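1. what's the 3D shape of this:
(4 chains)
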Protein chains: 2
Amino acid sequence: MFKALADPTRRALLDELLDRDGQTLFELCARLAGHGFGSTRQAVSQHLDVLVDAGLVSTRRQGRYKFHDLNTSPLNAIVERWLTGPGKDQQ
Amino acid sequence: MFKALADPTRRALLDELLDRDGQTLFELCARLAGHGFGSTRQAVSQHLDVLVDAGLVSTRRQGRYKFHDLNTSPLNAIVERWLTGPGKDQQ
DNA sequence: TTGACAGGCAAGTAATAACTTGCCTATGTT
DNA sequence: AACATAGGCAAGTTATTACTTGCCTGTCAA
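-> Alright, predicted model coming up:
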């Protein structure tokens, strides 16, 4: 999951999905391009695979469309490990 | 900063510093080795450099020792970006 | 049923990151 | 002064990651 966050294009993808869930690969490509992260469809597809493997994005197929949704819950592991974990004051 | 978190050895270093601040390079090497992250001193030193560049670790020199301290505040950027940011319910 | 659109697969290349190696400097001890 | 300890520098190698290229499959509309 940490490796998934290491790439700026993938972080931009999370930003786009935070803005609007349920986007397709082509929509995300277009929006990345509009935000200065020009990448080919294949590159974006591979980035999405990494995000799915990390549990940060989930997908649902519908006809010929595949919609992508953001799932931020794995990020809580970061908070619990170093921000609110043992040895730290709970908020 | 995200790239700094991408490596397991660096995450282990953060864990060690969370457990006890103010450790030297050699202490950290010994403790990593004890936790199954055997790395040479040079490798650990380079990892610490990355963590310092990311703002996650600060250092202070004292004689021939260089102490390392954890600084988790950059991690709040993750929380604010995807967990409590705009478009998300503030807790 | 043909064609356009959405997406997938896989091999190859390019770029980056992690690690090693060998030697160097500074501080403190005996 | 001599030596051990703590750390630094930099070039080279290996390993990993990101990206490209070319072609393939599935869905839907005319």
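2. distance check, A:H68 against chain B.
-> 15 Å (CB to the nearest CB, to the nearest Å). Any C-beta I mention is one placed from the backbone N, CA and C, and that applies to glycine too.
3. what about that residue, which helix or strand?
-> Using DSSP states H and E, A:H68 maps to strand A:65-70.
4. so is that strand next to DNA strand C?
-> Yes: Strand A:65-70 lies within reach of DNA strand C by CB under 7 Å from any atom of the strand, at A:65-66.
5. after that strand, next one along is what?
-> Using DSSP H and E, the first helix or strand after strand A:65-70 is helix A:76-78.
6. list the contacts for the residue positioned nearest the centre of chain A?
-> Against the mean C-alpha coordinate of chain A, by CA atoms, centre = their mean, the closest residue is A:L14 at 3.5 Å. Shown in contact with A:L14 (CB atoms under 8 Å, 6 or more residues apart in numbering or on different chains): A:51, A:56-57, A:70, B:82.
7. do A:V57 as well
-> A:13-14, A:17, A:48, A:51, A:68-71.
8. between the residues you listed, which is closest to A:G38?
-> Within the contacts of A:V57, distances to A:G38 taken as CB to CB reach their minimum at A:L13, with 13.4 Å.
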